[in-house]
Structures are given as C-alpha cells and as structure tokens.
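Colleague: Below: sequence and its predicted model.
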Amino acid sequence: MLVGSGIAIAGLITVALSGVLWLTLIGFALVGLGLSVIVPIIYAYSAVQQGVPAGVGIAAVSTAGIIAQLLGRPVIGALGDQLGLEAGLLLISVALLLGATLAYKATWH
C-alpha cells in the first residue's frame, strides 16, 4: 500500500505541476497504477478483520468509497474553482498521504 500510494502521489503531483500533455498523461497513468494496487488490498483486509464479519467489512469499505466519491468531486471542484485545478489535485495527494500514513501506523506500529 505504501508503494502504491507513493506512485499515485507522484503521478498526481506530476499532473498538477506539468503543463505538458505527454507528461500529464504519464502522471495519470502513474495514478492509475498506484491505485490499482491499493484498492484490492483494502477490500482484502476489510474481509479478514477480527470480530467483523467479512460482508460487514466489505460493505463498510464500499460505503466509505461511495461517500468519498459523492463528497470528493464537489470539494475538489470548489477548491479548483477558487484556487485552480492544481490545488484540487494536490488535495487528493494529501488525502493519499494521510491514508498511507494510517496504513503504516496500523500495520507496523
């Protein structure tokens, strides 16, 4: 998860700071590559949590993902409207960094 988050963050920063089309496309490819590793891991761990039935864990992760999709788009759009799209993309990077930090703390400490 840490490596996937790092790849996705690097991709988002590349997209936010690049003004070149081919570099932006590479950045989005990195975002997809990083997130494609994270999502299956989250679902797998949600199904094997102690004291939580597998269906409940998966449903909780799915619900959190849907809420994030519903709330994230207007927040990123409003931030992009006020400060520019770069700020909205960097907000996603900060959220990914927070998620990676929480995963690290939960796994190794």
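Modeller: Cool, got the structure. Keep in mind the model is a prediction, meaning the values are calculated, not measured.
Colleague: Buried residues of the top helix by length along the chain, list them for me.
Modeller: If you go by DSSP state H, the chain has its longest helix at helix 54-83. By neighbour count with 16 or more other Cβ atoms under 10 Å, helix 54-83 contains the buried residues 57-58, 61, 76, 79. For every residue, glycine as well, the C-beta is placed using N, CA and C.
Colleague: which helices and strands does that helix pack with?
Modeller: helix 21-46, helix 85-108 (3 or more Cβ pairs under 8 Å, 6 or more residues apart in numbering; DSSP states H and E).
Colleague: Listing request: residues of the protein with sub-threshold pLDDT.
Modeller: 108-109 (pLDDT under 70).
Colleague: about what we covered before: using JSON lines, lay out the helices and strands packed on helix 54-83 together with mean neighbour count and distance to Leu71.
Modeller: What follows is the helices and strands packed on helix 54-83, written out as JSON lines (neighbours: other Cβ atoms under 10 Å; distance: least, Cβ to Cβ, whole Å):
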{"stretch": "helix 21-46", "mean neighbour count": "15", "distance to Leu71": "18"}
{"stretch": "helix 85-108", "mean neighbour count": "15", "distance to Leu71": "11"}
